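Peer 1: Need a 3D model of the following:
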Amino acid sequence: MKNTRLLKVVTLVFAVVFFISCDKDEDTSASITVNGTLLVGDRSDFNGDIDASFTGKDGTISRSFIWNNNLNTADYNADITATTKGTFRMIVEDSEGVVVLDRTINGGTEPDTIGGVTSSGTSGIWTVTIEVTSFTGNGSFSMSEGN
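Peer 2: Below is the predicted model of the structure:
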């Protein structure tokens, strides 16, 4: 009788662990990496060209970082290389907090790329905010000092 009870307990534990591990496959996630640095919080400091990527599995994340721009504009490019849904948004503020860029790419639609030059702003320390919302897929973005 004790062996049967033990077998039932072991089977129950195994079943619970199995179902919990299956649920892990359904977890949502999103991440943003800039110049090889995973952005865990806001306000990482970057100089020079920005080369970044983002990925998600039905995840939502917003991260900001500061970037030293010695010029009045910035060249930017972003694209979704694989996605089924969600949005990518890039917001750039100049050193005085004026928004010089606010662009969005919607997953699963065209165009899946944005690029160009920001509006003119004040040189100095700029703030870049990247938001991915309910995003599944991956993509990249880049920035460099403008003209």
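Peer 1: ok, the closest residue to Asp58 other than its chain neighbours - contacts?
Peer 2: Leaving aside its sequence neighbours, Asp58 sits nearest to Thr28 (Cβ to Cβ, 6 or more residues apart in numbering; 4.4 Å). C-betas here are computed from N, CA, C, even on glycine. Neighbouring residues of Thr28 by Cβ atoms under 8 Å, 6 or more residues apart in numbering: Gly56, Lys57, Asp58, Gly59, Thr60.
Peer 1: Got phi/psi on Asn35?
Peer 2: Reported as degrees, to the nearest 10, the phi and psi values for Asn35 are phi 50, psi 40.
Peer 1: Could you report the neighbour count for it?
Peer 2: For Asn35, the count of nearby residues is 13 (other Cβ atoms under 10 Å).
Peer 1: Same check on Thr81?
Peer 2: 12.
Peer 1: tell me the secondary structure for it?
Peer 2: For Thr81, the assignment made with DSSP: H, G, I helix; E, B strand; the rest coil gives strand.
Peer 1: which intervals of the chain have sub-threshold pLDDT?
Peer 2: 1-26, 41-44, 82-83 (pLDDT under 70).
Peer 1: State which strand of it is the longest.
Peer 2: Taking DSSP state E as the criterion, the chain has its longest strand at strand 124-145.
Peer 1: so what secondary structure elements neighbour it?
Peer 2: Packing partners of strand 124-145 (3 or more Cβ pairs under 8 Å, 6 or more residues apart in numbering; DSSP states H and E): strand 29-34, strand 50-69, strand 74-93.
Peer 1: and if we set it to 10 Å?
Peer 2: In terms of contacts (3 or more Cβ pairs under 10 Å, 6 or more residues apart in numbering; DSSP states H and E), strand 124-145 is packed against strand 29-34, strand 44-47, strand 50-69, strand 74-93, strand 99-106, strand 113-117.
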